[in-house]
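A.B. asks: Coordinates for the following, if possible.
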Amino acid sequence: MQADAEFWNREELYEEVWATPMKLLATKYGLSDVGLAKVCHRLAIPVPGRGYWEKKKAGHEVIKAPLLSLKEEFSVPKPMPRPELIKLSDIATELEINQIERLVQTPHDELVRRGCLSHPLIIETRSILKEAMPDDRKVLRTRNDLCLDIRVSKSGLEPGLRCMAKFIRVIETAGFNVSVKNHWGRQTVATIHGQQIRFALLEKIDRIDLPLNTNENRDDMIVIFRHRPVRFEPAGTFRIQALESCGRSRLEWADKGTKTLEEQFPRILATFIRMALKDRAKAEQRAAEEREQQREAEERARLEEAIKAQEAKVRTLKEETAKWVEAGQIRSFITASRAATIRQGQSVAPGSSFSEWEVWAHQQADRLDPLQESQPSIIDRKEELEPTPLFGPGTWT
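C.D. replies: Here you go, the predicted model:
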């Protein structure tokens, strides 16, 4: 059977099952005890029966069932590792944790008092929504970006504003801020520990199915829903909806059992704080990753520059070595030429044509040799032969 990090090792799992109780062993692999038992069943691994561990702990003799061979080898993949849950203690200070605990434990009537209907955001929203027209669900709609995200009916406007005013009072009493943003539509955000939590207040709208041959007045907001006439009626109850930072998953709170929405405001704010702390931790992690990426990029750039500089030095060394070798070859050739000239009976004395050539040839060798002082040569004046441009820099007007 294949045994690696992706597939179960049958023999190893068999030993673990008989050495550790199933519940404890299952947590090691991110499974429930029932899930691990199913894996053992698929792999034909016998597991300890009821009372096995109690008997073993009491010192009684227990029998370990043998692992039988399989007729055919096959592989069973391991479960994907679960992402580690973020612990509040890892991302929050002691003061922040205490604030959350106080909110959870504090009776709602100590925090949820009369909301401030004179709050600028409440006044502005009332003014805007009073002039708004209802849609086919009887929800007031507006394009004004200065309005709080309150989706209510005309009859639910004042109760909804009172509810939102109370929630804003709870948020601001805790030391946080509520504002309206315009980002792909208007948004109401609570700024908590530097993070923005988007939320809205929505009124429950009931859908009433009508008979196909209804004679109700068309002015009574009758619409066709799934090929049937329906009418939408505001229920007069509200819910708070929060959007998580990913923008996909929503959290909602409404009247629940004996607890009204307003009674849940402290716990809702506690959840907002947890969301903000998680967003802050993610932002800090992203910033740390970006800093690490920047550091790695700078390190790579420094390494690249160091490599280029070293390569340039190596090229210079090779070039100078080649010149030194070439200069040595020229000198060897001069020596051989002098010997050949003497053998031919020609003069090599000072003033002879060979002597003049020999001096010149040594000068050329010295010019090539990086260990010798370069001698001047007419070749150095080669640049003087290049044509002078008719119009140099700065001559155009």
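
A.B. asks: how about low-confidence regions in the stretch 201-350 of the chain?
C.D. replies: For the stretch 201-350 of the chain, applying pLDDT under 70 flags the ranges 212-227, 245-249.

A.B. asks: all strands of it, in order?
C.D. replies: Here the stretch 201-350 of the chain has its strands, by DSSP state E, counting those that start in this stretch, at 222-225, 228-243, 250-254.

A.B. asks: Export those as TSV, with columns for mean neighbour count and distance to residue 338.
C.D. replies: Heads up, the C-betas are built off the backbone N, CA and C, glycines and all. Below are the strands of the stretch 201-350 of the chain laid out as TSV (neighbours: other C-beta atoms under 10 Å; distance: least, C-beta to C-beta, whole Å):
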stretch	mean neighbour count	distance to residue 338
strand 222-225	14	113
strand 228-243	17	95
strand 250-254	14	98
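
A.B. asks: Kindly present those as CSV, with separate columns for distance to residue 55.
C.D. replies: Below are the strands of the stretch 201-350 of the chain laid out as CSV (distance: least, C-beta to C-beta, whole Å):
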stretch, distance to residue 55
strand 222-225, 64
strand 228-243, 52
strand 250-254, 48
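
A.B. asks: which residues does the closest residue to residue 207 other than its chain neighbours bridge with?
C.D. replies: Distances taken as C-beta to C-beta, 6 or more residues apart in numbering put residue 230 closest to residue 207, at 5.3 Å, once the chain neighbours are dropped. Counting by DSSP bridges, residue 230 is bridged to residue 209, residue 223.

A.B. asks: rewinding a little: select, out of the strands of the stretch 201-350 of the chain, the one closest to residue 69.
C.D. replies: strand 250-254 (52.5 Å; C-beta to C-beta).

A.B. asks: Paired strands for the closest one, with orientation please.
C.D. replies: Strand 250-254 has these strand partners (DSSP bridges): strand 228-243 (antiparallel).

A.B. asks: what residue is smack in the middle of the chain?
C.D. replies: The residue lying closest to the centre of the chain (C-alpha atoms, centre = their mean) is residue 286, at 5.8 Å.

A.B. asks: how close does it sit to residue 376?
C.D. replies: 64 Å (C-beta to C-beta, to the nearest Å).

A.B. asks: For the stretch 101-250 of the chain, just list every one of the helices.
C.D. replies: Along the stretch 101-250 of the chain, counting by DSSP state H, counting those that start in this stretch, helices occupy 108-111, 120-130, 157-173.

A.B. asks: so which of these comes closest to residue 91?
C.D. replies: helix 157-173 (20.5 Å).
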